[in-house]
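> sharing a sequence plus its predicted fold:
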There are 2 protein chains.
Amino acid sequence: MPAENILYFGDTARMPYGNKSAATVTQFVREIISYFEPHDPKHIVIACNTATALTLSTIRAEFPHLAMSGVIEPGARAAVEAAGNRPRPIIGVIGTEGTVRSRAYERAIWRRRHYATINSKAAPLLAPIVEEGRSAEDPLVKLALQQYLTPLAQRGMDVLVLGCTHYPVYRPLIEVMLGPAVTVIDSADKCAEDVQRRLRSTRLLREGTSAAGALRCFVTDDAARFSALASRFLGLVIEPPTWVSPDELRAAAAPTEVGLRPAI
Amino acid sequence: MPAENILYFGDTARMPYGNKSAATVTQFVREIISYFEPHDPKHIVIACNTATALTLSTIRAEFPHLAMSGVIEPGARAAVEAAGNRPRPIIGVIGTEGTVRSRAYERAIWRRRHYATINSKAAPLLAPIVEEGRSAEDPLVKLALQQYLTPLAQRGMDVLVLGCTHYPVYRPLIEVMLGPAVTVIDSADKCAEDVQRRLRSTRLLREGTSAAGALRCFVTDDAARFSALASRFLGLVIEPPTWVSPDELRAAAAPTEVGLRPAI
């Protein structure tokens, strides 16, 4: 969707969310959505598996006037499609501790295919490994993937869902390790397709224009560090992000205090 | 110091600190010290290498009426003692990205032994590995330690400082890997001795009593999860911790707002 204008919020001061409680992550997401509200977004994507798993239903109910989606439903739908019409498909899921504990993928998959067998495995080290910038050739990357994937592979697996936006960095290696009989699903990819479909169905998709959209980033920790990481992950040079202080975030989420919230 | 009463604050909602900026970590520590101030502590220990490295001098200047110490000075002193009177000692340091980047150990060691050679290495994955609960027998633990320690060992090493409070969990394995020629320094151990010395020298040490001190814990994320982890790490059952909300923390650090800060 190259014509869309995107506001991206990275909560770099309080990340990772993967091993934190639903109450804590919900409060963080509530603050971020409140901060974005004055920008009048036509759609909000909770583009993190843990935040989607732990907060989407609560946050959606708290902001009924905002269109909102997450990464779990698109990944679950793609997993069910990939399982095809096998009589007893086996679907593996790897994710953070919070995502796996929530059983959000189980619910989303069983809603569509109640006879699927789902084996989930928390892989708490994979996101830190990606953040350290290790390549797929690193023996530690292979060992960690083997340790997390072997128990799933041993129980049989038709589809593996990469249930964290960090993991697709190692998708080629994972596909080699599991062999061609296992379909690997990238929930981030599927999320982008899902958003495009939602925007098109509500006639909000920007298309038929040659004007490129703008990307504007907001972070809670050091802006320079984020710029460096973003160029490594995205392969493009981004505008320096806007630093959002804890006080600004808190003020956005405190609508009852007069004068703190910017007018929409 | 079994007779001392200890208040322990674990910022579980915003951890880890290891890869965050000095400005962000300083704000977090400022809030925590402000929260403790009404308890009138006789001494405050910044019992985290990253927080000590990035914030101690700033925080000490902001709270001149509070006695305060960290984990870096005691570790550096022990490393210099262990180096003995070697003409050209080589000291290795492993720690978080923030600790290594700050060069706090270099400054603290060079102040005492300006001709020491210091080789530092960030080991960002070690703390997450400890938090996942992996044992020293796990091949991934050995591989990670080998990857981080081999470059230090190859350049020669008389002393290794474990510059993060998580690492001593693997101290026996590290000692076996490096052999008896390398002295391994646990900065947490040395920190406790340092605090005892400071309290004794100001006649504030509680001793000569058979009454056991109390441990009271405060956390920013889920209390039940902390209790479970604490019993694994400390090997003792602790009282349920007090949950501190973001609003309470923020109020503590905002002394100009009338009525928000509890009277001392």
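Ah, there it is.

> okay, buried residues for stretch A:200-208 please.
Within stretch A:200-208, the residues that qualify as buried by neighbour count (16 or more other Cβ atoms under 10 Å in any protein chain shown) are A:Leu205. C-beta here means a position set from N, CA and C on the backbone, and glycine is covered the same way.

> can you tell me what sits against that stretch?
Residues outside stretch A:200-208 that contact it (Cβ atoms under 8 Å, 6 or more residues apart in numbering or on different chains) are A:Met1, A:Ala3, A:Glu4, A:Asn5, A:Lys42, A:His43, A:Ala67, A:Gln196, A:Leu199, A:Gly213.

> now the end-to-end length of it.
Taking Cα to Cα, to the nearest Å, the span from the opening residue of stretch A:200-208 to its closing residue is 12 Å.

> ok, now stretch A:87-106?
End-to-end distance for stretch A:87-106, by Cα to Cα: 18 Å.

> list the buried residues in that stretch.
Residues A:89-96, A:98-102, A:104-106 are the ones in stretch A:87-106 that count as buried (16+ other Cβ under 10 Å).

> quick one: mean pLDDT over that stretch.
Mean pLDDT, taken over the full extent of stretch A:87-106, equals 97.

> ok, now stretch A:7-23?
With pLDDT averaged residue by residue, stretch A:7-23 scores 96.

> so that stretch, near chain B or not?
Yes: judged by Cβ under 8 Å from any Cβ of the partner chain, stretch A:7-23 comes into contact with chain B at A:Thr12, A:Ala13, A:Arg14, A:Asn19, A:Lys20, A:Ser21, A:Ala23.

> ok now that stretch, how far from the chain's centre?
Taking the mean of its C-alpha atoms, stretch A:7-23 sits 11 Å from the chain's own mean (Cα atoms, centre = their mean, to the nearest Å).

> how about A:Lys142, what does it touch?
With the criterion set at Cβ under 8 Å, 6+ apart, A:Lys142 makes contact with A:Ala136, A:Leu173, A:Met177.

> and the helix or strand hosting it, what's buried?
In this structure, A:Lys142 is located in helix A:139-154 according to DSSP states H and E. For helix A:139-154, the neighbour count (16+ other Cβ under 10 Å) marks A:Leu140, A:Val141, A:Lys142, A:Leu143, A:Ala144, A:Leu145, A:Gln147, A:Tyr148, A:Leu149, A:Leu152, A:Ala153 as buried.

> the lowest-mean-pLDDT helix or strand in chain A vs chain B: in contact?
Of all regular secondary-structure elements in chain A, judged by mean pLDDT, DSSP states H and E, the least confident is helix A:223-234 with a mean of 81. Yes: contact of helix A:223-234 with chain B (Cβ under 8 Å from any Cβ) involves A:Arg225.

> which among the contacts of A:Lys142 end up buried?
Applying a neighbour-count criterion of 16+ other Cβ under 10 Å, the buried members of the contacts of A:Lys142 are A:Leu173, A:Met177.

> closest to A:Val159 among the contacts of A:Lys142?
A:Val159 lies nearest to A:Met177 out of the contacts of A:Lys142, by Cβ to Cβ, at 14.9 Å.

> got a list of what the closest residue to A:Arg112 other than its chain neighbours touches?
Leaving aside its sequence neighbours, A:Arg112 sits nearest to A:Val80 (Cβ to Cβ, 6 or more residues apart in numbering or on different chains; 4.6 Å). Shown in contact with A:Val80 (Cβ under 8 Å, 6+ apart): A:Ile109, A:Arg112, A:Arg113, A:Ala116.

> surely the first one and A:Asn119 touch.
No: contact criterion Cβ atoms under 8 Å: A:Ile109 and A:Asn119 do not qualify, at 11.4 Å.

> report the set of residues contacting both of the two.
By Cβ under 8 Å, 6+ apart, A:Ile109 and A:Asn119 have these common neighbours: A:Ile91.

> what's near enough to touch the closest residue to chain B within the stretch 151-264 of chain A?
Using Cβ to the nearest Cβ, the single residue of the stretch 151-264 of chain A nearest to chain B is A:Asp222, 3.8 Å away. Neighbouring residues of A:Asp222 by Cβ under 8 Å, 6+ apart: A:Thr12, A:Trp243, B:Lys20, B:Ser21, B:Ala23, B:Thr24.

> sitting in strands, which of these do you find?
Counting by DSSP state E, the members of those that fall within strands are A:Trp243.

> so how do I select the buried members of the contacts of A:Asp222 in PyMOL?
Selection command for PyMOL covering only the buried members of those, criterion 16+ other Cβ under 10 Å:
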select buried, (chain A and resi 12+243) or (chain B and resi 20+21+24)
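
> for A:Gly95, list each beta-bridge partner.
Beta-bridge pairing for A:Gly95 (DSSP bridges): A:Ala122, A:Gly163.

> now do the contacts for it.
Contacts of A:Gly95 were listed using Cβ under 8 Å, 6+ apart, and they are A:Asn49, A:Thr50, A:Ala53, A:Tyr105, A:Ser120, A:Ala122, A:Ala123, A:Val161, A:Gly163, A:Cys164.

> top of the residues you listed by neighbour count?
The residue in the contacts of A:Gly95 with the most neighbours, by other Cβ atoms under 10 Å in any protein chain shown, is A:Asn49 (33 neighbours).

> surely that residue and A:Thr96 touch.
Yes: assessed by Cβ under 8 Å, A:Asn49 is found in contact with A:Thr96 at 6.8 Å.

> what's the overlap in contacts for the two?
With the criterion set as Cβ under 8 Å, 6+ apart, the overlap between the contacts of A:Asn49 and A:Thr96 is A:Gly163, A:Cys164.

> mind showing which ranges of chain A have poor pLDDT?
Screening chain A residue by residue with the criterion pLDDT under 70, one finds the ranges A:255-264.

> which parts of it sit against chain B?
Contacts of chain A with chain B, taken as Cβ under 8 Å from any Cβ, map to A:12-14, A:19-21, A:23-24, A:27, A:124-125, A:128-129, A:131-132, A:139-140, A:143-144, A:147, A:220-222, A:225, A:246-247, A:250.

> the nearest residue to A:Gly92 once chain neighbours are set aside and A:Ile94, how far apart?
If you skip the residues right next to it in sequence, A:Gly92 has A:Leu152 as its closest partner in space, 4.0 Å away by Cβ to Cβ, 6+ apart. When distances are taken as Cβ to Cβ, to the nearest Å, A:Leu152 and A:Ile94 turn out to be 7 Å apart.

> where do the contact lists of these two overlap?
Both A:Leu152 and A:Ile94 are contacted by A:Lys121, A:Leu160, under the criterion Cβ under 8 Å, 6+ apart.

> show the contacting residues for the residue positioned nearest the centre of chain A.
Note on chain A: the residue nearest the mean C-alpha position is A:Cys48, at 2.4 Å, using Cα atoms, centre = their mean. The neighbours of A:Cys48, taking Cβ under 8 Å, 6+ apart as the test, are A:Tyr17, A:Val71, A:Thr165.

> assign the last one to helix, strand or coil.
It stands for A:Thr165. With DSSP: H, G, I helix; E, B strand; the rest coil as the basis, A:Thr165 sits in coil.

> and it, how many neighbours?
Around A:Thr165 there are 18 other residues, counting by other Cβ under 10 Å.

> would you map out the domains in chain A?
Structural domains annotated on chain A: A:6-70+A:205-252, A:72-190, as defined by automatic domain parsing.

> from the chain's centroid, how far away is the longest one?
Using Cα atoms, centre = their mean, we find the averaged C-alpha position of domain A:72-190 to lie 14 Å away from the chain's own average C-alpha position.

> now do stretch A:242-252: everything it contacts.
Stretch A:242-252 is contacted by residues A:9, A:13, A:31-32, A:34-35, A:37-38, A:216-220, A:222-223, A:257, A:260-261, B:27, B:246-247, B:250 when judged by Cβ under 8 Å, 6+ apart.

> only alpha carbons, please: show it as PDB.
The C-alpha coordinates for stretch A:242-252 follow below in PDB (Å, rounded to 0.1, in the frame of the first residue of the first chain):
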ATOM      1  CA  THR A 242       9.600  11.800  17.200                       C
ATOM      2  CA  TRP A 243      10.400  11.100  20.800                       C
ATOM      3  CA  VAL A 244       7.300  10.800  23.000                       C
ATOM      4  CA  SER A 245       8.000  11.400  26.700                       C
ATOM      5  CA  PRO A 246       6.300   9.300  29.500                       C
ATOM      6  CA  ASP A 247       4.400  12.400  30.500                       C
ATOM      7  CA  GLU A 248       3.000  13.000  27.000                       C
ATOM      8  CA  LEU A 249       1.900   9.300  26.900                       C
ATOM      9  CA  ARG A 250       0.300   9.500  30.300                       C
ATOM     10  CA  ALA A 251      -1.500  12.800  29.500                       C
ATOM     11  CA  ALA A 252      -3.000  11.300  26.300                       C
END
